[in-house]
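Asks: build me a model:
(3 chains)
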Amino acid sequence: MFSKSDVVVIGGGAMGLSVGYSLLRKGVKTTILEGSYLNSGSTGRNMGILKRRLGSEDLVRLAVKGLELHKKLPSQLGVNTFFRKSGRLLVAKNEEELQQLKESHSFYKGLGLKEVWLSPEEIAERWPYIDAGRLVGGYFDPEEAIIHPFALTWAYFESIKRLKGMVKKQNMVKSLQKAAGSFSIITESGVYEAEKIVIACGAHSGNLLEQLGFKLKMAFLRKEALVSEPIRPFLDPVIERPIVSYEVAQTMRGEIVGTMGFMSEGYDLSECTPEFLHNFASETLQLIPSFRYLRVLRQWVGICDKTIDSKPLIGSIDEKLYITCGYYDYGMIMAPVVGQLLAEAIVDGTCNPLIRPFDPHRFD
Amino acid sequence: MEDWRISEHPILKFERGRELTIYFDGKPLKAYENETVAAALYASGVRVFSRSIKYHSPRGFFCAIGRCNSCMMEVDGVPNVKTCVVRVGDGMRVKLQRSFTDKLAPLLNRMKLSPLTYIKMFTRPSFIYKPAMKVMRQFTGIGSLPKRVRGEVGKKGDEELSAELLIVGAGPAGLSAAIEAGQLCKNVILVDDKDRLGGQLIKQTHTFFSDVKYAAGKRGFKLGEEMVGKILKMKSVRVFTNTSALAYYPQENLMLMLKGNDTLLKVRAKKYLIATGAYERMLVFENNDLPGVYGAGGVQTLLNVYGIKPGRHGLMVGTGNVGLIVTYHLLQAGVNMKAIMAPSFRRIRGYFVHAAKVTRLGVPIITRHTILKALGRDRVEGAIIIKIDEKYNPIPGTEKKIDCDFICLGIGLNPTYDLVQMFKPKIVYAPQLGGFVPVRDKYYRVKKNVYISGDCAGIEEATTAVLEGGVAGLHAVISMGYEDEVAWAKIEEYKRALEEERASPFSSAVKAALKEITIENIEDIGG
Amino acid sequence: MAEEELGPLHRGYYKTEELKQLGVFPPEGIMKKNRIAVIECMEEMPCNPCAYICPVKAIRKEALCKPPSVDWKKCTGCTLCVSICPGLAIFCQQIVKEKGYVTMPYELLPSPHIGERALLLNRSGKVVGEGKIIKPTYKANGNAYPLWVVTVEVPWPELAYEVRAIKIIR
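Replies: Here you go, the predicted structure:
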């Protein structure tokens, strides 16, 4: 089957769907190609935690805008993304950890994040199920939020359908060529032609770009996560312990999701480990003893793709060829805002100051 | 309060054990020592065991062996406990979960209101989203965790074990494999997630067919007792009950298992044999989730293991051997069966003699019909059945009402492939064998060091499970170096017996399917 | 329900004439002499306890999956086959003077007592008369749980071809 669009977006994750949606809003004939099933990639494998504490000013500014858009998204799309303003509690178990948190706290405060310091007693009072006796304190940001990544996918998918856009699943791209002013994309089930293409397929972006002669310097880190049975509302804030990359939260559906640490470098999605299960359980039971009665349903592996400076690549990599990838472990908060700004760049030719620092050519 | 327990039975003696008291939502109920929580509740007339996650619909039990999750309740403060596998204890406190929706549930049900799954509700206008979600969140999740947990939470105990052969599943296949393997090698571990060994054998009160050499003429539970008796005397076989396999990690050759409630077993074995059996299928029809719709196996367990009647007047769906036999069990227990019904078009699916046993006791068999809907608000009160044509389409105008207080579904089994899958074999879909099964070689290997046997390899009979377990168990030990002429001869004998068992026309579809998925040597496909 | 259209493999029972045509019953002369085994098992399925237990080798099976056949001349009517058939598909019949006798397997409650009266049911579950429980009626041994072998006297000889189940009147 043969199809011609103004723009083809390769990658049906949150990022690809968001760019596709924004393009369709601007009246651009867009097709989104997803190589497997929806939520099969990093979008379906993360916790849905929206993070603004991202280490550098430019990332934080983009993320702040990202959270604003997430808040409006359910009403804008008319579909629930299970957005919940949960707040985020960062905890420290010893003075050394606390010192690190203190230092970053002033940095983020300067950028406008409203974190407050809480003593162990205050933590115990607010959330009696947390065993605060093992903590030396923490920082609580009441504005942080969590969504459900599946719901975000469905929300975009429904909206794209309404705008008469196409999302083609099970359409793995076999070859990508540029010829005479347009791009030719051959997938498992058809040939697509487009004037412009956007590559938004996370860890696989590099492979596709190589076919067009571009080399990306990326590292891939595997991260494990798990989910529990759904229980009645129990855990309000997202709880994080940065020094061991530990996060735990409860989704709107009642499931407890969690992640911890980074596994090895690698590109494949296989090999969950019993160590992760053990370490996560150990950390969690010290933090929230009630969870000893919670049953884990599944554990899996996701891939965090990382550039040299740990910041994403957003923008035009060549004439009519755009890229958005390299979101490491904070892609979810970025999807709506980058989708919007990148669509503007593609259609209007502008480059919003929020995404300018992430120019794909900054390493040249 | 009515007691649904059976006092007299033609075949079984129910040794109930000591009488105890349990509390259900605060009310004291009579229970007996060896009963599960679900059985004790059922015997006292409890029919609604949980409420569904989406519409808060009332749910009863279905499978009675811990697979379907319909019976989950809060027990002594712990949420989501599968009451059909947990034994009662004196003074146990059992609570219905989500009971706060009991008053609202009929309304939620009727309106089919489920805001978190109808994903467009309450998103516009924007100012109602946040407060609406705050309310809706209160309706999510099943089971409440206790907010305060006292005492030191540490490692209760991890046990690290190693074995030459680990057998998961102690039904006829696993028991047979253990008996054979244990005679030759020294270190076999046999585990089962139930509290007693025997798998489905423990509730088979009818006599088996097949060859007298193996099982014919014996009642299933007797065969089970004999095999278990042999195993318990074997020093080379260590047995763990109440132990479920959680996961297998291939890169570390580690099988993680949960013993009881609080001990983690980490087992590393040279060879694995998976004999995890099968689970019941569900049928799609209106109101199929009402309390009172039960799996035939679940009813068999309730009846023959715990001695409790499922109801007074039943309708059996399914004319296979399971449907016919369970109807017979129900008649033996004094339950009135209205009919056995199934859309079977060409003939009754099971053996004719099983059908003849029940027709002469007055139970009509109705083929070429299917069930349209179950009647009743919060439990089954009847059913509507309808005739079908040769394309399996219902023929309008042929509806018939059947008064019954339970509907039994005996419509087939699916192999339990969850654990096998973790060893990453090649899995194919074989409908004649019940569903997803792994490709295997002639010695039942799905990987070089991994064997399967019994229903999880393809739905057949207990007797074929015994024979397959024998082949796999023997080959597993032979391949470890315990080679023995007698062992090879036994393997050939078992294989010959399997061929004989499958010589009847009832097995022709199974035979054809097995031929397609059995290869010469599993190592040829990278096993 | 037009049951007549659908054959025995749909109804789950045979009519006596159908069985007569299949040669299941011995000649009447033999039935008048002694009790004789009648095997109502025609399908091919793996099973052989009947052939195994017959003390005079009157029951023959060509292979594990082939249906059994009875050598009427050898059968002594000992009823052992009635007690062991897993399908409860073997019966014994006898005709003496004006009465018929049927020996059948029984696995229900209440337990049968000799001298009691019972309702007589045919293959489709219809009550066709009333009869008396007589000898031989015994609990089968082996495997330690009751499978009764029950003999009933039926009011007239033709019923011996029909009666295949009882409901004890108590």
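Asks: rest of the way, CA atoms for contacts and neighbours
Replies: Will do.
Asks: residue 195: which element?
Replies: No chain was given, so I picked chain A. Taking DSSP states H and E as the definition, one finds residue A:195 inside strand A:191-199.
Asks: just the buried residues of that strand, please?
Replies: A:191-199 (16 or more other CA atoms under 10 Å in any protein chain shown).
Asks: out of these, which touch chain B?
Replies: Checked against chain B using CA under 8 Å from any CA of the partner chain, the buried residues of strand A:191-199 give no members in range.
Asks: note down every partner strand of the strand holding residue A:195 and its orientation.
Replies: Sheet partners assigned to strand A:191-199 using DSSP bridges are listed as strand A:2-10 (parallel), strand A:182-187 (antiparallel), strand A:321-325 (parallel).
Asks: go through these and pick out the most buried.
Replies: Greatest average neighbour count among these goes to strand A:321-325 (a mean of 24), per mean count of other CA atoms under 10 Å in any protein chain shown.
Asks: neighbouring contacts of it?
Replies: Outside strand A:321-325, the residues that touch it by CA atoms under 8 Å, 6 or more residues apart in numbering or on different chains are A:15, A:196-203, A:205, A:305, A:312-317, A:346, A:360.
Asks: which of these fall within helices?
Replies: Assigned to helices by DSSP state H, the following of the contacts of strand A:321-325 qualify: A:15, A:205, A:346.
Asks: chain neighbours aside, what residue packs nearest to the first one?
Replies: Nearest residue to residue A:15, sequence neighbours excluded (CA to CA, 6 or more residues apart in numbering or on different chains): residue A:335, at 4.8 Å.
Asks: now the second one
Replies: Of all residues beyond its chain neighbours, the one nearest residue A:205 is residue A:199 (6.3 Å), with distances taken as CA to CA, 6+ apart.
Asks: show me the contacts for that neighbour.
Replies: Contacts of residue A:199 (CA under 8 Å, 6+ apart): A:9-11, A:16, A:205, A:208, A:321-325.
Asks: in chain C, which residue sits nearest chain A?
Replies: Nearest residue of chain C to chain A, counting by CA to the nearest CA: residue C:46, 42.3 Å away.
Asks: ok, now chain B?
Replies: Taking CA to the nearest CA, chain B has residue B:141 as its residue nearest chain A, at 4.0 Å.
Asks: next, give phi and psi for the residue of the stretch 1-150 of chain A found nearest chain C.
Replies: Closest residue of the stretch 1-150 of chain A to chain C, CA to the nearest CA: residue A:37 (45.1 Å). Per-residue torsions, residue A:37: phi -100, psi 160 (degrees, to the nearest 10).
Asks: neighbours of it, how many?
Replies: 13 (other CA atoms under 10 Å in any protein chain shown).
Asks: do residue A:214 as well
Replies: 13.
Asks: my guess is it is in a strand, correct?
Replies: No - Residue A:214 is assigned coil when assessed by DSSP: H, G, I helix; E, B strand; the rest coil, not a strand.
Asks: ok, the residue of chain B closest to chain A to chain C distance?
Replies: Separation of residue B:141 from chain C (CA to the nearest CA, to the nearest Å): 46 Å.
Asks: up against chain B, what does chain A have?
Replies: Contact residues, chain A versus chain B (CA under 8 Å from any CA): A:72, A:74-75, A:78-80, A:84, A:128-129, A:230-234, A:252-255, A:271-274, A:285-286, A:289-294.
Asks: chain neighbours aside, what residue packs nearest to residue 131?
Replies: Unless you meant another one, I'm taking chain A. Residue A:131 sits nearest to residue A:287 (CA to CA, 6+ apart), 5.3 Å away.
Asks: hmm, I had chain C in mind actually
Replies: That would be residue C:154: by CA to CA, 6+ apart, it lies 5.0 Å from residue C:131.
Asks: right, and the one you found touches residue C:101 too?
Replies: Yes - between residue C:154 and residue C:101 there is a contact at 5.8 Å, judged by CA atoms under 8 Å.
Asks: who touches both of those two?
Replies: Shared contacts of residue C:154 and residue C:101, counting by CA under 8 Å, 6+ apart, come down to residue C:160.
Asks: name the helices or strands packed onto the helix or strand hosting residue C:51?
Replies: Using DSSP H and E, residue C:51 sits in helix C:49-53. With contacts defined as 3 or more CA pairs under 8 Å, 6 or more residues apart in numbering or on different chains; DSSP states H and E, the packing partners of helix C:49-53 are strand C:59-60, helix C:80-84.
Asks: among the ones you listed, which is nearest residue C:12?
Replies: Shortest distance between residue C:12 and the helices and strands packed on helix C:49-53, using CA to CA, is found for helix C:80-84: 20.1 Å.
Asks: that closest one close to chain B?
Replies: Yes - counting by CA under 8 Å from any CA, chain B is contacted by helix C:80-84 at residue C:84.
Asks: pLDDT averaged over that helix - what is it?
Replies: Mean pLDDT, computed over helix C:80-84, is 90.
Asks: and that helix, how far out from the chain's middle?
Replies: How far helix C:80-84 lies from its chain's middle: 10 Å, per CA atoms, centre = their mean, to the nearest Å.
Asks: do stretch B:230-246 and chain A meet at all?
Replies: No - Stretch B:230-246 stays clear of chain A (CA under 8 Å from any CA), getting no nearer than 9.7 Å.
Asks: point me to the helix or strand that includes residue B:130.
Replies: Going by DSSP H and E, residue B:130 is in helix B:126-137.
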